[in-house]
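[1] Give me a model of this one.
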Amino acid sequence: MSFMGFEFSQFVQQWGYIAVFLGSLIEGEGIILTASALAALGHLSIYKVMVIAFCGTVFADQSLYFVGYYYGDRIISYIKRKFPRMEKPMDRGLNFLHRHRIVYIMTFRFIYSIRIVSPIIIGAQRVPFKLFSFLNVIAAVVWTVTSCSLGYLIGETIVKRMDSFKKIFFGVVVGCVLAVFLLKLYKKRRSVMK
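    The predicted structure is shown next:
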């Protein structure tokens with residue numbers, strides 16, 4: 001299959017690992033799952049996907065921790081002042097962090113919509129760097145292995161066994177289900193913030 005003058009496999013091999021790195025910097029589970037499924041189909045190496053995803057997520061979270069450590073108080077004050085509806089949810093999050101520091105650090109990357117801001121908050125609360133780094137690496141290993149294994153499993157068990165028409169139909173259905181889910185999540189979050 002051709003895409004913008006490239007064969008699909010060539011396009012994925014040229015840009016796939018860059019997409020994995022960029023996706024791992026943000027809430028990019030969809031990119032990691034897709035890349036892992038493509039690895040199951042032979043377009044990428046699952047080991048490279050895992051290493052890049054791990055390095056990207058650790059780099060992003062460690063960097064955001066330092067942003068929070070040095071500028072977090074100002075960022076939190078700004079958000080509370082500029083978005084008054086965020087004050088209660090942020091205070092609840094901060095209270096949870098104070099009471100369950102280890103659980104928070106180990107799980108924040110698995111919770112949609114708080115992944116990017118969490119390391120900033122953790123740094124702002126002056127959680128010791130060594131503790132955060134140690135737990136961050138463990139959580140990154142768990143996240144990477146879980147996300148990549150799930151994507152690889154999807155590629156192995158579902159995508160490999162479909163012909164082209166079924167793959168397109170499956171992609172459209174998954175895209176629609178994901179869009180509906182994200183829309184409902186967005187509406188729910190908006191109603192909570194009001």
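
[2] Y104: what's it in contact with?
    Contact analysis of Y104 by C-beta atoms under 8 Å, 6 or more residues apart in numbering lists 96-97, 118, 122. C-betas here are computed from N, CA, C, even on glycine.

[3] same question, V127
    V127 is in contact with 97, 101, 105, counting by C-beta under 8 Å, 6+ apart.

[4] mind running it again at 10 Å?
    Contact criterion C-beta atoms under 10 Å, 6 or more residues apart in numbering gives 65, 68-69, 97-98, 101-102, 104-105, 119, 121, 135 as the residues in contact with V127.

[5] Adding secondary structure and distance to L178, write those residues out as a markdown table.
    Listed next are those as a markdown table, based on DSSP: H, G, I helix; E, B strand; the rest coil; distance: C-beta to C-beta, whole Å:
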| residue | secondary structure | distance to L178 |
| --- | --- | --- |
| Y65 | helix | 30 |
| G68 | helix | 30 |
| Y69 | helix | 35 |
| L97 | helix | 30 |
| H98 | helix | 34 |
| R101 | helix | 32 |
| I102 | helix | 31 |
| Y104 | helix | 27 |
| I105 | helix | 28 |
| P119 | helix | 26 |
| I121 | helix | 27 |
| L135 | helix | 30 |
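
[6] Which of those sits closest to I32?
    Within those, proximity to I32 (C-beta to C-beta) peaks at P119, which comes in at 18.2 Å.

[7] do you know how far the nearest residue to N136 once chain neighbours are set aside is from S147?
    The shortest distance from N136 to any non-neighbouring residue, by C-beta to C-beta, 6 or more residues apart in numbering, is to D61 (5.3 Å). For D61, the distance to S147 under the criterion C-beta to C-beta, to the nearest Å works out to 15 Å.

[8] Check the burial of the residue nearest to N136 by counting its neighbours.
    By other C-beta atoms under 10 Å, the residues close to D61 number 26.

[9] do S45 as well
    Residue neighbour count, defined by other C-beta under 10 Å, stands at 15 for S45.

[10] didn't it look like it was pressed against Y17?
    Yes. Here S45 reaches Y17: they are 8.7 Å apart, a contact under C-beta atoms under 10 Å.

[11] what sits in contact with each of the two?
    Joint contacts of S45 and Y17 (C-beta under 10 Å, 6+ apart) are 35, 51-52.

[12] could you redo those as a markdown table and give each row secondary structure and distance to E87?
    As requested, those are arranged in a markdown table below (three-state DSSP; distance: C-beta to C-beta, whole Å):
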| residue | secondary structure | distance to E87 |
| --- | --- | --- |
| A35 | helix | 38 |
| V51 | helix | 40 |
| I52 | helix | 37 |
